[in-house]
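Engineer: build me a model:
(2 chains)
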Amino acid sequence: MTSVATVPEGTVNPYALSHLDSLESEAVHIFREVAGEFERPVILFSGGKDSIVMLHLALKAFAPAPIPFTLLHVDTGHNFPEVLDYRDRAVAAHGLRLHIASVQDYIDAGTLRERPDGTRNPLQTVPLTEAIQQHRFDAVFGGGRRDEEKARAKERVFSLRDEFSQWDPRRQRPELWQLYNGRHAPGEHVRVFPISNWTELDVWQYIQRERIELPEIYFAHHREVFDRGGMWLTAGDWGGPKDTEPTETRLVRYRTVGDMSCTGAVDSDATTLDAVIAEIAASRLTERGATRADDKMSEAAMEDRKREGYF
Amino acid sequence: MTTTTTPLAETTLLRFATAGSVDDGKSTLVGRLLHDSKSVLTDQLEAVEHASRNRGQDTPDLALLTDGLRAEREQGITIDVAYRYFATARRRFILADTPGHVQYTRNMVTGASTAELAVVLVDARNGVVEQTRRHAAVAALLRVPHVVLAVNKMDLVDYQEPVFAAIAKEFTAYAASLGVPEITAIPISALAGDNVVDPSAHMDWYGGPTVLEHLETVPVSHDLTACPARFPVQYVIRPQTAEHPDYRGYAGQIASGVLRVGEPVTVLPSGRVSTIAGIDALGVSVDTAWAPQSVTVRLSDDVDVSRGDLIAPSGDLPASTQDVEATVCHVADQPLSVGQRVLLKHTTRTVKAIVKDIPSRLTLDDLSQHPAPGQLVANDIGRVVVRTAEPLALDAYADSRRTGSFLLIDPADGTTLSAGMAGASFAEAVRGGSTPEAAEDDAEWDF
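Structural biologist: Here you go, the predicted structure:
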């Protein structure tokens, strides 16, 4: 009546790809599609693990030629020094060009105002979208993953943005097969997410398999932190802690790297990749749920920021 | 998640799609799969519990796990396809969660286009209904290799075997007549958790796999490597550096089949012949590569090859044509009309084209064909004849989902108009073969 398809025991399909190979192949395909169809693509590069994996994939996609894209970093002015150091070393090592859009410059010029909560993450949208317009980038690669957040689960691999960089989730193009439609009018651009289908664990397993170097803050280390809203924030020039927030030294690491004012460290003794992977596999908290204040602001915080032009 | 206990090489990736109408319990099934496979993390569950309480619901509404947009949560409906990720020790899963709502066809087409398996849900109390036939037809049209019929709400029919057996028999006969190659029927209760992740204690008479067991064991990708090799060229890699002064590689993702060093190949559409001199699999030189690997191919002759060309074994070439006959699913709000000028994107090649004819429109509810509709509107499926400005190396979609598929694009604003599948449609195969059982008593049947 019904036929049940199962692999006979003991047989190995010689053409089976591991899940990491499948994801890698798909991401490389996406990088090459953009190289083939766009005039001025740019990779958003923060020195965080997702953008580091993106850079690694782009290097593989075009080897032995150099990456045919420039990089763009939106610098909140509250970045971890270890991450900025990594960023600059990566740019130098691969002979890349880096554009920097600085939130601090906008604040100094009076065009952006510091928020009362001191968080600069939402302020990135304006420098980002203005840099895209100024440099006339027509494709902007981001390391966004659909597993990160429920609004991102709705994101296309190729996401058309209007001349104001806005995302309209109700007007997205259906995405069929591997046929990505990158057509856009002058002034519009396409956000491209080559690692859409990767999970946090995939990223870490890939980093391990490919032996990719990371900024050391991803591994457990002793750090002076203080508690704000249930998160361990790093004390620093960005404005923390307040007098009422005592600091202490703890053994911590970062699961995600963003603005210092809203990115929390997690207690961890994972000093190696194996230990980090074991910790993530056992964790009962999502990456963002554990460590990102900006997503806790409301049920639709990410969707609202994305509509305005954020990633 | 127990993934770290299994060596990486043993985990594979399965992409699948769910289809079901609003009350069939699709969200509950998805929620159950995620929840019982321990893929929902504490903070996500807390967010759902919190939101459910705010709405005055006693129990967490698992559908909120999958409704990501403000408008979806406000209206309590799923508007758009969402992609979900979960894993077991054996496999990683990418689930295209497609809404069963008004815009069902284009959404299911979107989800099914990349799926290797489709789960079609049926309410055990209602059996095979019009919507079930529509879902089976879309799965057949998109040539999804494996279809699972999940007969849900078995708890509401006292877990009776005859109820399940009758539905499974009717569906299997119908889907098989449409050319669906693999059909597996599983009796479940998504609400109670029977046979979704854990075997049911209420249905001793069922000896088959649970939904998750089946998802873990169904073979993937074998169909791609069994086909003739097709390599659409995406990008030409020419470093022109001191280290690699003469390197000229053709980058692309192998669409189907296997490529081997030393193999004689032909470049289409030019027809020039050469031999594969080397294959670079992302920095590693290999003798053999297969779909869907992204690689770079070097040829032994300095032939003219650029983005949009197709490299294929000289002994097994696709036909080149400027007259494309295909079935399309129209996915845009603006219509597609006879005489319309469009762009056609096929593999890595985009060409100008004109819609010469729309011979028929298919009604999925009963598979009847309506001749010469003049235009197709959103969610319509129809036969089209398209004339292209340049020849395309096109396979039949029945032979290759990757080199037989294309998009029609509006040149004015870039809108994706239609999803195209070249060659004969399943409906013609049905016409040529046996008449589906389910349609025997259907007055609308006009094959």
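
Engineer: how about the residues of the stretch 51-200 of chain A by chain B?
Structural biologist: A:60-66, A:146-147, A:149-154, A:160, A:169-170, A:172-179, A:181, A:183-185, A:196-197, A:199 (C-beta under 8 Å from any C-beta of the partner chain). (C-beta placed from N, C-alpha, C; glycine too.)

Engineer: in helices, which of those appear?
Structural biologist: Judged by DSSP state H, helices contain the following of these: A:Lys60, A:Ala61, A:Phe62.

Engineer: Provide the secondary structure category for A:Arg115.
Structural biologist: Secondary structure, DSSP: H, G, I helix; E, B strand; the rest coil: A:Arg115 is coil.

Engineer: pretty sure it contacts A:Leu123?
Structural biologist: Yes: the pair A:Arg115 and A:Leu123 qualifies as a contact (C-beta atoms under 8 Å) at a distance of 7.1 Å.

Engineer: who has more neighbours out of the two?
Structural biologist: A:Leu123 (22 against 12; other C-beta atoms under 10 Å in any protein chain shown).

Engineer: how much space separates the more buried one from A:Glu155?
Structural biologist: Look at A:Leu123 and A:Glu155: by C-beta to C-beta, to the nearest Å, they are 22 Å apart.

Engineer: any idea of the mean pLDDT for stretch B:388-407?
Structural biologist: Average pLDDT, stretch B:388-407: 95.

Engineer: buried residues in it?
Structural biologist: B:388, B:392-407 (16 or more other C-beta atoms under 10 Å in any protein chain shown).

Engineer: tell me the confidence at B:Pro113?
Structural biologist: Small correction: residue B:113 is Ser, not Pro. According to the prediction, B:Ser113 has pLDDT 94.

Engineer: same question, A:Arg170
Structural biologist: pLDDT at A:Arg170 comes out at 74.

Engineer: and for it, the neighbour number?
Structural biologist: Neighbour tally, A:Arg170, other C-beta under 10 Å: 8.

Engineer: can you check B:Ala281 too?
Structural biologist: Residue neighbour count, defined by other C-beta under 10 Å, stands at 16 for B:Ala281.

Engineer: just list the residues touching it, thanks.
Structural biologist: B:Ala289, B:Gln293, B:Val295 (C-beta atoms under 8 Å, 6 or more residues apart in numbering or on different chains).

Engineer: try 6 Å this time
Structural biologist: Shown in contact with B:Ala281 (C-beta atoms under 6 Å, 6 or more residues apart in numbering or on different chains): B:Ala289, B:Val295.

Engineer: run through the bridge partners of it.
Structural biologist: For B:Ala281, the beta-bridge partners are B:Val284 (DSSP bridges).

Engineer: report pLDDT for residue 278.
Structural biologist: No chain in the question, so chain A it is. We have a pLDDT of 91 for A:Ala278.

Engineer: my question was about chain B
Structural biologist: So B:Gly278 comes in at 97 (pLDDT).

Engineer: for the longest helix along chain A, give the mean pLDDT please.
Structural biologist: For chain A, the helix that runs over the most residues, judged by DSSP H, is helix A:19-37. Averaging pLDDT along helix A:19-37 yields 96.

Engineer: and the next helix or strand past it?
Structural biologist: Using DSSP states H and E, the helix or strand that follows helix A:19-37 towards the C-terminus is strand A:41-44.

Engineer: CA atoms only: put that following strand into CSV for me.
Structural biologist: The C-alpha coordinates for strand A:41-44 follow below in CSV (Å, rounded to 0.1, in the frame of the first residue of the first chain):
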residue,chain,number,x,y,z
PRO,A,41,29.2,44.6,-3.9
VAL,A,42,30.5,45.0,-0.4
ILE,A,43,30.8,42.6,2.6
LEU,A,44,29.8,43.9,6.0
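
Engineer: can you tell me the strand partners of that strand and which way each runs?
Structural biologist: In the sheet, strand A:41-44 lines up against strand A:70-75 (parallel), strand A:139-141 (parallel) (DSSP bridges).

Engineer: and of those strands, who's closest to B:Ser274?
Structural biologist: B:Ser274 sits nearest to strand A:139-141 of all the strands paired with strand A:41-44, at 31.7 Å, using C-beta to C-beta.

Engineer: flag every residue of the stretch 151-300 of chain B that's near chain A.
Structural biologist: By C-beta under 6 Å from any C-beta of the partner chain, the part of the stretch 151-300 of chain B that sits against chain A consists of B:168-169, B:172, B:182, B:184-185, B:208, B:217-219, B:225, B:234-235, B:237, B:239, B:244, B:251, B:253, B:282-283, B:290, B:292-294.

Engineer: of the strands paired with strand A:41-44, which stretch is the most buried?
Structural biologist: strand A:139-141 (a mean of 26; mean count of other C-beta atoms under 10 Å in any protein chain shown).

Engineer: same question for stretch A:94-101, mean pLDDT?
Structural biologist: 95.

Engineer: please enumerate residues in contact with it?
Structural biologist: A:Thr70, A:Leu71, A:Leu72, A:His73, A:Val74, A:Asp75, A:Val91, A:Pro127, A:Ala131.

Engineer: could you redo the last one with a cut-off of 7 Å?
Structural biologist: A:59, A:66-67, A:70-75, A:91, A:127-128, A:131, A:135 (C-beta atoms under 7 Å, 6 or more residues apart in numbering or on different chains).
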